[in-house]
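When you get a sec, could you give me coordinates for this:
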Amino acid sequence: MECIKRKYVTVAEIEDIIRDELRMDLTKEPDASEWDMLSRVQYETVCEMTAVFLLALHDEFGIGQKRATRVYRVLEKIGDDISTGKVTLDEMRAERDNSSKPWTRRKAS
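Numbering: from 1, shown residues only. All right, here's what the predicted structure looks like:
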C-alpha cells in the first residue's frame, strides 16, 4: 500500500505482476460498469485490495500460485457469504476472534 501511496506502482501493475508471477487472472466483472456508483466503487475497491493482499503474500511470505489460488477462493467465498446474507460481518469477526485464541481457550465443538 505504501508503494501505491508513493506512486511507485499502480494497481494495474500489481494485477499484471499477479498474472505473470502467480498465473492468476483477476479480471473484473464486465457488468460492473452498469452498476450504481456505490456498488461499483465498493466492488473495485475490494478487487484492488485483493490484488494488493495477494501480492503481499507472494512477496513477503513466498506464497506461490497454488496457495494464492486457495487464498483467493476463500476470500471469494467469504465475500459471497457476506453479500448474500449467509453470514454477517459481526459473525465473521466473532469467528476470527474465537479462532485466533490459543487452542486451550477455545470451546469444544
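
Quick check: residue 66 vs residue 72, distance?
11 Å (C-beta to C-beta, to the nearest Å). C-beta coordinates here come from the backbone N, C-alpha and C atoms, glycine included.

In terms of packing, which of the two has more residues around it?
Taking other C-beta atoms under 10 Å, residue 66 and residue 72 do not tie; residue 72 has more neighbours (19 against 9).

among the helices and strands of this structure, which has the poorest mean pLDDT?
For the chain, counting by mean pLDDT, DSSP states H and E, helix 2-5 ranks last in confidence among helices and strands (a mean of 80).

just the CA coordinates of that helix, formatted as PDB?
The C-alpha trace of helix 2-5 is given here as PDB (Å, rounded to 0.1, in the frame of the first residue of the first chain):
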ATOM      1  CA  GLU A   2       2.900   2.300   0.800                       C
ATOM      2  CA  CYS A   3       4.200   1.800  -2.800                       C
ATOM      3  CA  ILE A   4       0.800   2.700  -4.200                       C
ATOM      4  CA  LYS A   5       0.600   5.700  -2.000                       C
END
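
Tell me which other helices or strands the helix or strand following that helix touches.
Next helix or strand after helix 2-5 toward the C-terminus (DSSP states H and E): helix 11-21. If contacts are counted by 3 or more C-beta pairs under 8 Å, 6 or more residues apart in numbering; DSSP states H and E, helix 11-21 sits against helix 37-61.

just to revisit the earlier point, contacts for the least confident helix or strand of the chain?
Contacting residues not belonging to helix 2-5 are listed as 9, 10, 11, 14, 52 [C-beta atoms under 8 Å, 6 or more residues apart in numbering].

how does it look with 7 Å?
Residues from elsewhere that reach helix 2-5 (C-beta atoms under 7 Å, 6 or more residues apart in numbering): 9, 11.

Same check on stretch 55-62?
Stretch 55-62 has contacts (C-beta under 7 Å, 6+ apart) with 14, 17, 18, 21, 22, 63, 68, 71.

Right, I'll leave it there.
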